[in-house]
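Novice: With the input below, show me the fold.
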Amino acid sequence: MPLPRLLVIEGNSPDTLADHLTAGGTPAHKGYSDLLRELLPGARVDTAMPGDIKAVLPEGEQLLAYDGVAITGSSLHVYNGGPAVTRQIELVRAFLDAGTPVFGSCWGLQILTVAAGGTVRKNPKGRELGFGRSIRLTEHGRKHPMYIGKPEIFNAPTVHLDEVETLAPGMTVLATNAVSDVQSAEIRRNGTIAWGVQYHPEYPLRELAAISRRIGARLIDEGFFLNTDDIKAYATDLETLDREPDCKRLAWRFGISKNVLDKKLRTSEVANWIEYQVLPTRVKRGRG
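Specialist: Purely as a prediction, here's the structure:
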């Protein structure tokens, strides 16, 4: 019996990946791949880089080789277009047409939405940074397998400037909050089921610290920080809390609790996707 095989679609361009490394971060595809291997031991996890217009992407029968596909976040904006964006939309649409389960984080939700026929815009309420506050499950969300083991109201690591504007056909909102009406959704297209979240269950807090350093000038302009020293202090606190999740002082300061600090709870959406989408699809395809 073949081992499980997953694909991570890296949403960023090579330039952004280089900048993120310089800021002390981990490439999004590596962090996601490591998590998937942890949740599904023995799995082979490949990476596709559609944001690199020179990269070769899977096509045809290769699409059916994967039991599931995860899409990372990105610094790109769907509405700006260009090859780095359109290649991702086309690749995700191909996987949806192939019947392969897809999970998208942040940019991943946005690409799924557009691939299925919806639209994305710059959020008129501005950026959501650090932690998505008071994310609330809808009636559909409370019954949905993605949220098994999750409280009805929770916070989650997040950083995004854009949001879903128009739902795609077959799209059901599962969670919402005061900043974005669509904090998560299920998309059904041609018999394929995809799950997407506007936040980042896969992110440890140190990644939020690295992103804050990387885009720091914009965050000062947007009023989140006073100056670079302010950013540095924020990032240092997040890195400390990442290493010491039981630090009451910092958990209180950031207003977060076990559903963020406990890795099993924070990543439960991805674990549930593997349990209720990836593994059943393997069985249907005669692989497990």
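
Novice: Going along the chain, name the helices of the stretch 101-250 of the chain.
Specialist: Assigned by DSSP state H, counting those that start in this stretch, the helices in the stretch 101-250 of the chain fall at 107-115, 139-142, 205-214, 216-221, 228-243, 248-254.

Novice: for the first one, the distance to its chain's centre please.
Specialist: Pointing back at helix 107-115 there. On the basis of C-alpha atoms, centre = their mean, to the nearest Å, helix 107-115 sits 10 Å off its chain's mean C-alpha point.

Novice: what's the answer for stretch 266-281, then?
Specialist: On C-alpha atoms, centre = their mean, the centre of stretch 266-281 falls 14 Å from that of its chain.

Novice: Stretch 122-136 now?
Specialist: Its chain's average C-alpha position is 14 Å from that of stretch 122-136, according to C-alpha atoms, centre = their mean.

Novice: Using neighbour counts, pick out the buried residues of it.
Specialist: For stretch 122-136, a neighbour-count test (16 or more other C-beta atoms under 10 Å) marks Asn123, Arg127, Glu128, Leu129, Gly130, Phe131, Gly132, Arg133, Ile135 as buried. C-beta: built from backbone N, CA, C; applies to glycine.

Novice: And stretch 253-263, by the same measure?
Specialist: So, applying 16+ other C-beta under 10 Å, buried residues of stretch 253-263: Phe254, Ile256, Asn259, Val260, Leu261.

Novice: Over to stretch 199-218?
Specialist: Those would be 199-216, for stretch 199-218 by 16+ other C-beta under 10 Å.

Novice: Give me the distance between Gly255 and Leu261.
Specialist: Between Gly255 and Leu261 the distance is 12 Å, computed by C-beta to C-beta, to the nearest Å.

Novice: what's near enough to touch the residue positioned nearest the centre of the chain?
Specialist: The residue lying closest to the centre of the chain (C-alpha atoms, centre = their mean) is Ser105, at 1.5 Å. With contacts defined as C-beta atoms under 8 Å, 6 or more residues apart in numbering, Ser105 is in contact with Tyr32, Ala70, Ile71, Thr72, Gly73, Gly196, Val197, Tyr199, His200, Pro201, Glu202.

Novice: Now name the helix or strand holding the fifth one.
Specialist: Assigned by DSSP states H and E, Gly73 belongs to no helix or strand.

Novice: do the first one as well
Specialist: In this assignment (DSSP H and E), Tyr32 forms part of helix 28-39.

Novice: What helices and strands are in contact with that helix?
Specialist: Contacts defined by 3 or more C-beta pairs under 8 Å, 6 or more residues apart in numbering; DSSP states H and E place helix 28-39 against strand 5-9, strand 44-48, helix 268-273.

Novice: buried residues in that helix?
Specialist: Counting neighbours by 16+ other C-beta under 10 Å, one finds that the buried residues in helix 28-39 are Ala28, His29, Lys30, Gly31, Tyr32, Ser33, Leu35, Leu36, Leu39.

Novice: Could you report the pLDDT at the fourth one?
Specialist: Note for Gly31: predicted pLDDT of 97.

Novice: how far away is it from Phe225?
Specialist: On the measure of C-beta to C-beta, Gly31 and Phe225 end up 24 Å apart.

Novice: repeat for the fifth one
Specialist: For Tyr32, the distance to Phe225 equals 27 Å [C-beta to C-beta].

Novice: and what of the third one?
Specialist: Counting by C-beta to C-beta, the gap from Lys30 to Phe225 is 27 Å.

Novice: What count of nearby residues applies to Glu163?
Specialist: Look at Glu163: counted by other C-beta atoms under 10 Å, it has 21 neighbours.

Novice: Beta-bridge partners for it, please?
Specialist: For Glu163, the beta-bridge partners under DSSP bridges are Arg121.

Novice: Quick one: residues contacting it.
Specialist: Residues in contact with Glu163 (C-beta under 8 Å, 6+ apart) are Gln110, Val120, Arg121, Asn123, Val179, Ser180, Asp181, Val182, Gln198.
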